[in-house]
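Trainee: Sharing a model that was predicted from the sequence below.
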Amino acid sequence: MNRNNRADYLGHIVFILAILLGVPALLGFDGFELNTFARYLSLAIVASALALSWGTAGILNLGQAATFGIGAYVMAMHLKLVASAGNPDGLPDFMGWNNVTSLPWFWLPFQSLTVTLILGLALPALLAWAMGIFMFRARITGVFVAIITLAFLVALQLWFIEEQRFTGGQNGLTGLAPLDLFGWSVDTYSLGFYYLVAGCLIAALVIGSLIVRSKVGLVLRAIREDSQRVRYFGYDVARYETFVFSTSAAIAGWAGMLYALVLEFASPTYIGVAFSLAIVIWVAVGGRESLVGAAVGAILVNLAEGRLSDMFVESWLLILGVMFILFVLFLPRGLYGLLRQGFGRIARLREGQGPKDARAQESAQ
Amino acid sequence: MNLMQIHNLTVQFGGLRAVNDLSLDVRRGELLCLLGPNGAGKSTTLDLICGKTRATSGQIVFEGQDITWLKEYKRARCGIGRKFQVPSVFRELTVLENIELARSRNPGILDSLRVFRTPIRGRVREVLQIVGLIDMVDTRAGNLSHGQTQWLEIAMLLAQDSKLILMDEPTAGMTIQETLQTAAIFNSLKGDHTIIVVEHDMQFVRQVAERVIVMNQGSLLAEGTIAGIEADPRVKAVYLGH
């Protein structure tokens, strides 16, 4: 374990302690505040999912909101069915308004919570896998991946809005039942729910970190640098890329399920371009090279958004925009890059190297 | 015994036949040098063998298997390794990470998911000692000197442990001493590994080559020992005379 990793581990521990103990204490265990912060944490999950594919393998998925949205809809469909259990045929209300007489076949699996939880991960993963095979076998890289995923996102959103009979259209899915999680009736304004989301975030970070720190992460970083060279060592580059793309999609779907729980509805705006680009911004602010950095970025930007919009009702978007521009201009590696630079400098000073030498090494990095 | 046979290999880029009806046998354990003037098709021949370029016609048989249409990663899994003209280590990775990447006996995802660290012992230690980078395992490859970068790439080839190693000008930019050291490494590799080298440095070729092939305009011009080649009037006319 080298020095930089030690700093990383320290950062992870501080982060985990902060969200498990610090945040609930600071918020005074207030249900409303905890619910708001649980929303930030679910967004932190999707941000770290993007960092997994973008930061590690260089795959910029501008359609990350698509898989997130699918997760949200999957969860909402289950809760809608539970809420509609008293209706004739268990038919959701909006279907009746749209002259649908019986429950469509693809809604049936969502009556079971277990199937719902599995599909919330599996559907985004399968979709990403299919896209990944198509893109990465054809050796599509860089900006073209970004364009294809963005186009897919737009098409998916249009389709969800268009198929109002089955998806609730522009209104999305509202009037959901509270989740009954294997006997535990989930109150989204409780400390228990906050810890459910925090636990999911930590689990997602652990899974992501295991991938990044394994040899798979090494191969992916090498692919980011020179994918052709990696092939001459015998690695099936397309398969590695598809793997990380699908894993990232599954984690995004997971985040989407939690998000639908927090907000108690699913809306086509979750599958929107604006939301998808927002994820990219959070990751850029936090630092795409670190999963925890991306999570912190999502939490901080959303916190800032909440506070700024309270303080500057008219101009908060402008202030936020200027902040992002400053970040991209002066901190291209995000907060994580800044911290890493700081740690590196302290460690070198401790070793007694001259500051000149340290600067030379830094500029080389 | 032959490790690889090339039958009537041709590749056409537009109107140019970069390699034209080339047939060649590569014997197991030998060190074969490819010589020839610029544009003779030497590097293209290596590209065709490792899969960077697809042949227009002809056949490449490696250990009895037709690999002409295999993808490059599958050829690498068959045991074909390639070193490029421009040093192509991964600059963002450390020396040790570069070596771990090259150790690709099990290149599948499920295998890679179980590897978390590279112990510096056994073959890894040996390889790092051969190239003199044992004290620099945590250095980013981008911070190495030009010579060290070349050494790292050779170490990666050793760690990859390919049956057939294709080298494109391995001594380019090296000092005389480094060239001699490289020659020594090559001589120690002969026998266990089969090596094909494209090289311009005749002094280096004299040190290592057993069999030399001279190419001109995509075709085989002459074949033989280094002494025989240097005496060949046709070779003198197109290449060595310059």
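Mentor: Right, received. Where do you want to start?
Trainee: need the residues of chain A near chain B, please.
Mentor: Proximity of chain A to chain B, by CB under 8 Å from any CB of the partner chain, involves residues A:2, A:210-211, A:213-216, A:218-219, A:221-222, A:224-226, A:228-237, A:239-240, A:243, A:361, A:364-365. For glycine as for every other residue, the C-beta is placed from the backbone atoms N, C-alpha and C.
Trainee: ok, now with 10 Å
Mentor: A:1-4, A:210-211, A:213-226, A:228-240, A:242-244, A:360-361, A:364-365 (CB under 10 Å from any CB of the partner chain).
Trainee: Give me the three-state assignment for the residue lying farthest from the centre of chain B.
Mentor: Distance from the centre of chain B peaks at residue B:114, with 30.0 Å (CA atoms, centre = their mean). Of the three states, residue B:114 takes coil under DSSP: H, G, I helix; E, B strand; the rest coil.
Trainee: so who does it touch?
Mentor: A:214-216, B:106 (CB atoms under 10 Å, 6 or more residues apart in numbering or on different chains).
Trainee: ok so, going back, inside helices: which ones of the residues of chain A next to chain B?
Mentor: If you go by DSSP state H, those have A:3-4, A:210-211, A:213, A:215-226, A:228-231, A:237-240, A:242-244, A:360-361, A:364 in helices.
Trainee: Weed out the non-buried ones from those.
Mentor: Neighbour-count burial (16 or more other CB atoms under 10 Å in any protein chain shown) is assigned, among those, to A:211, A:215-225, A:229-231, A:237-240, A:242-244.
Trainee: So for residue B:206, what pLDDT did the model give?
Mentor: The per-residue pLDDT reported for residue B:206 equals 85.
Trainee: Same question for residue B:224.
Mentor: On the pLDDT scale, residue B:224 gets 88.
Trainee: and if you look at residue A:364?
Mentor: 43.
Trainee: just how off-centre is the one helix or strand residue A:326 maps to within its chain?
Mentor: Per DSSP states H and E, residue A:326 falls inside helix A:316-330. Centre-to-centre, helix A:316-330 and its host chain are 21 Å apart (CA atoms, centre = their mean, to the nearest Å).
Trainee: Give the buried residues for it.
Mentor: Within helix A:316-330, the residues that count as buried by 16+ other CB under 10 Å are A:316, A:320, A:327.
Trainee: Pull up the gap between the first one and residue A:304, please.
Mentor: Okay, so that is residue A:316. 9 Å (CB to CB, to the nearest Å).
Trainee: where does the closest residue to residue B:201 other than its chain neighbours land in three-state SS?
Mentor: Nearest residue to residue B:201, sequence neighbours excluded (CB to CB, 6 or more residues apart in numbering or on different chains): residue B:171, at 5.4 Å. Here residue B:171 takes the coil state, with states given by three-state DSSP.
Trainee: Just the pLDDT for residue B:171.
Mentor: Reported pLDDT for residue B:171: 80.
Trainee: do the same with the one 4 residues further on
Mentor: Note for residue B:175: predicted pLDDT of 82.
Trainee: So it is in contact with residue B:151, correct?
Mentor: No. Counting by CB atoms under 10 Å, residue B:151 is not a contact partner of residue B:175; they are 12.0 Å apart.
Trainee: Might you report the residue contacts of the residue nearest the centre of chain A?
Mentor: Closest residue to the average C-alpha location of chain A: residue A:46 at 0.5 Å, with CA atoms, centre = their mean. With CB under 10 Å, 6+ apart as the criterion, the residues that contact residue A:46 are A:64-65, A:67-68, A:71, A:204, A:248, A:251-256, A:258-259, A:275-276, A:278-279, A:282-283, A:294-295, A:298.
Trainee: What ranges does chain B have for its strands?
Mentor: Secondary structure of chain B (DSSP state E): strands at B:2-13, B:16-27, B:31-35, B:57-62, B:65-66, B:80-83, B:164-168, B:194-198, B:211-216, B:219-224.
Trainee: Ignore what I typed, I meant the stretch 101-250 of chain A.
Mentor: Secondary structure of the stretch 101-250 of chain A (DSSP state E, counting those that start in this stretch): strands at A:180-181, A:184-185.
Trainee: possible to save those strands as TSV with mean pLDDT, mean neighbour count and distance to residue B:163?
Mentor: Converted to TSV, the strands of the stretch 101-250 of chain A look like this (pLDDT from 0 to 100; neighbours: other CB atoms under 10 Å in any protein chain shown; distance: least, CB to CB, whole Å):
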stretch	mean pLDDT	mean neighbour count	distance to residue B:163
strand A:180-181	84	13	56
strand A:184-185	82	10	59
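Trainee: From residue B:203, how far off is the residue nearest to residue B:201?
Mentor: Counting by CB to CB - residue B:171 and residue B:203 are separated by 9 Å.
Trainee: Need the overlap of contacts for residue B:175 and residue B:151.
Mentor: By CB under 10 Å, 6+ apart, residue B:175 and residue B:151 have these common neighbours: residue B:181.
Trainee: So those two - more neighbours on which side?
Mentor: residue B:151 (25 against 11; other CB atoms under 10 Å in any protein chain shown).
Trainee: thinking that one is in contact with residue B:171, fair?
Mentor: No. Using CB under 10 Å as the test, residue B:151 is too far from residue B:171 to be in contact (11.5 Å).
Trainee: that older thread, after the helix holding residue A:326 comes which helix or strand?
Mentor: With DSSP H and E setting the assignment, the helix or strand that follows helix A:316-330 is helix A:334-350.
Trainee: May I see the buried residues of that next one?
Mentor: Buried residues in helix A:334-350 (16+ other CB under 10 Å): A:334-337, A:339-340, A:343-344, A:348.
Trainee: ok, now stretch A:95-110?
Mentor: Applying 16+ other CB under 10 Å to stretch A:95-110 flags A:95, A:100, A:103, A:107, A:110 as buried.
Trainee: Can I get the residues you listed in JSON lines including pLDDT?
Mentor: Shown next, in JSON lines, are those (pLDDT from 0 to 100):
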{"residue": "A:95", "pLDDT": "87"}
{"residue": "A:100", "pLDDT": "84"}
{"residue": "A:103", "pLDDT": "86"}
{"residue": "A:107", "pLDDT": "90"}
{"residue": "A:110", "pLDDT": "91"}
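Trainee: quick one: which of those sit in helices?
Mentor: residue A:95.
Trainee: Quickly name whichever of the buried residues of stretch A:95-110 is closest to chain B.
Mentor: When the buried residues of stretch A:95-110 are ranked by distance to chain B (CB to the nearest CB), residue A:110 comes first, at 30.8 Å.
Trainee: Pretty sure the closest one sits against residue A:90.
Mentor: No. The pair residue A:110 / residue A:90 is not scored as a contact, 11.1 Å apart, by CB under 10 Å.
Trainee: Need the overlap of contacts for those two.
Mentor: Shared contacts of residue A:110 and residue A:90, defined by CB under 10 Å, 6+ apart, are found at A:81-82, A:103.
Trainee: For residue A:304, give me its contacts.
Mentor: Residue A:304 touches A:285, A:316, A:319-320, A:323, counting by CB under 10 Å, 6+ apart.
Trainee: Name the nearest residue to residue B:221, sequence neighbours excluded.
Mentor: Computed as CB to CB, 6+ apart, the closest residue to residue B:221 that is not its neighbour in sequence is residue B:214, at 4.6 Å.
Trainee: neighbours around the closest residue to residue A:198 other than its chain neighbours, how many?
Mentor: Of all residues not flanking residue A:198 in the chain, residue A:19 sits nearest, at 5.1 Å (CB to CB, 6+ apart). When counting by other CB under 10 Å, one arrives at 23 neighbours for residue A:19.
Trainee: For the residue of the stretch 51-200 of chain A at minimum distance from chain B, grab the count of nearby residues.
Mentor: With CB to the nearest CB, the shortest gap between the stretch 51-200 of chain A and chain B falls at residue A:137, namely 10.0 Å. Using other CB under 10 Å, the number of residues around residue A:137 comes to 14.
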